[in-house]
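[1] Need a 3D model of the following:
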Amino acid sequence: MRIATWNVNSITARLPRLLAWLESSGTDVLCLQEAKVAEAQFPFDELREAGYEAAVHATGRWNGVAVLSRVGLEDVVKGLPGDPGYEGVQEPRAISATCGPARVWSVYVPNGREVDHPHYAYKLQWFEALRAAVEGDAAGSRPFAVMGDYNVAPTDDDVYDRAAFEGATHVTPAERAALASLRGAGLSDVVPRPLKYDHPFTYWDYRQLCFPKNRGMRIDLVYGNESFAKAVTDSYVDREERKGKGASDHAPVVVDLDV
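    All right, here's what the predicted structure looks like:
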């Protein structure tokens, strides 16, 4: 079984590439982030023609998450239980579903913006709610994973230059402590292999030639429980999908499971 996560940065803009990638990669389940579209405009028909069911939690031009599956789609839960909300609004940042033998969450963790910004406090609160929401499945015997754009680099090795992020979000002790708390719930980081260079970066800014210069970050993560981690036979970052015109600024992270 092949499961992947990908921040597509607008499914409308990326649809032709997405459909082509689904076909060429042989992916069975895709956790998708930043759909940036209302559910009414989500391309259900095109995905159905490609053989995929879709569960979607999206409200408009920002955020939006989905799970695409060709191995079944059941017990869908939209939203994050206990979501703290931001400025009184619960944003569409989480969705979960059972796909064949595994259960997955697709998450788009708040960015945080700046360390002294209210959005940063919201990010940490959101992580606390996520841990509470997943700890039951994390402790279970069924393969389970929380996949998506975490907007945190777990270690200094997961950014191209730690000095470039001094004083910024994504690398702070509090954010990394939130990841450690998730691991404490029974999840482990399924670290993918890079297809090029030494580090499996998953995101490269569009600006300043970051991709050609490999100035990237590993912020798209797969956190799986013991049953999931034991079933992993391979994992990699599909860096090729970041290339060319019309690419997302994130690359898919692919995980193969023997389940």
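[2] And the contacts of the helix ranked longest in the chain?
    Counting residues, the longest helix in the chain under DSSP state H turns out to be helix 118-138. Helix 118-138 has contacts (C-beta atoms under 8 Å, 6 or more residues apart in numbering) with 80-87, 93-94, 103, 105, 107, 109-114, 144, 146, 151, 169, 174-175, 178-179, 181-182, 185-187, 225. Every residue, glycine included, has its C-beta placed from N, CA and C.
[3] how close does G216 get to V109?
    18 Å (C-beta to C-beta, to the nearest Å).
[4] Compare the two and say which is more crowded by neighbours.
    G216 (27 against 23; other C-beta atoms under 10 Å).
[5] Report the beta-bridge partner residues of the more buried one.
    Beta bridges link G216 to W204, judged by DSSP bridges.
[6] Isn't it up against Y206?
    No. Here G216 does not reach Y206: they are 12.0 Å apart, not a contact under C-beta atoms under 8 Å.
[7] The nearest residue to S141 once chain neighbours are set aside: how many residues sit nearby?
    Spatial nearest neighbour of S141, excluding adjacent residues (C-beta to C-beta, 6 or more residues apart in numbering): S227 at 5.8 Å. S227 has 17 neighbours, counted by other C-beta under 10 Å.
[8] how about the helix or strand encompassing S227 as CSV, C-alpha atoms only?
    According to DSSP states H and E, S227 maps onto helix 226-231. Extracted in CSV, the C-alpha atoms of helix 226-231 (Å, rounded to 0.1, in the frame of the first residue of the first chain):
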residue,chain,number,x,y,z
GLU,A,226,4.0,1.4,16.1
SER,A,227,1.9,-0.7,13.7
PHE,A,228,2.4,1.9,11.0
ALA,A,229,6.1,2.3,11.5
LYS,A,230,6.7,-1.5,11.6
ALA,A,231,4.9,-1.8,8.2
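[9] What helices and strands are in contact with that helix?
    Applying 3 or more C-beta pairs under 8 Å, 6 or more residues apart in numbering; DSSP states H and E, we find helix 226-231 packed against strand 144-149.
[10] so the strand it packs on versus helix 118-138, what angle?
    Inter-element angle recorded for strand 144-149 and helix 118-138: 160 degrees (by axes from the mean of the first three to the mean of the last three C-alpha atoms, to 10 degrees).
[11] for strand 144-149, which positions count as buried?
    For strand 144-149, a neighbour-count test (16 or more other C-beta atoms under 10 Å) marks 144-149 as buried.
[12] Same question for stretch 17-33.
    For stretch 17-33, by 16+ other C-beta under 10 Å, it's 17-19, 21-22, 25, 27-33.
[13] I'd like the distance between L47 and N63.
    According to C-beta to C-beta, L47 stands 19 Å off from N63.
[14] Next: D249.
    Taking C-beta to C-beta, one finds D249 at 16 Å from N63.
[15] before we move on, what about R113?
    14 Å.
[16] Could you do Y160 as well?
    Distance from Y160 to N63, by C-beta to C-beta: 26 Å.
[17] all helices of this structure, in order?
    11-25, 44-49, 118-138, 173-184, 226-231.
[18] With distance to R193 as new columns, can these be given to me in a markdown table?
    Shown next, in a markdown table, are these (distance: least, C-beta to C-beta, whole Å):
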| stretch | distance to R193 |
| --- | --- |
| helix 11-25 | 16 |
| helix 44-49 | 28 |
| helix 118-138 | 24 |
| helix 173-184 | 20 |
| helix 226-231 | 15 |
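[19] What about K243, how many residues nearby?
    When neighbours are defined as other C-beta under 10 Å, K243 has 10 of them.
[20] nearest spatial neighbour of it, skipping sequence neighbours?
    F211 is the one closest to K243 (C-beta to C-beta, 6+ apart), at 7.7 Å.
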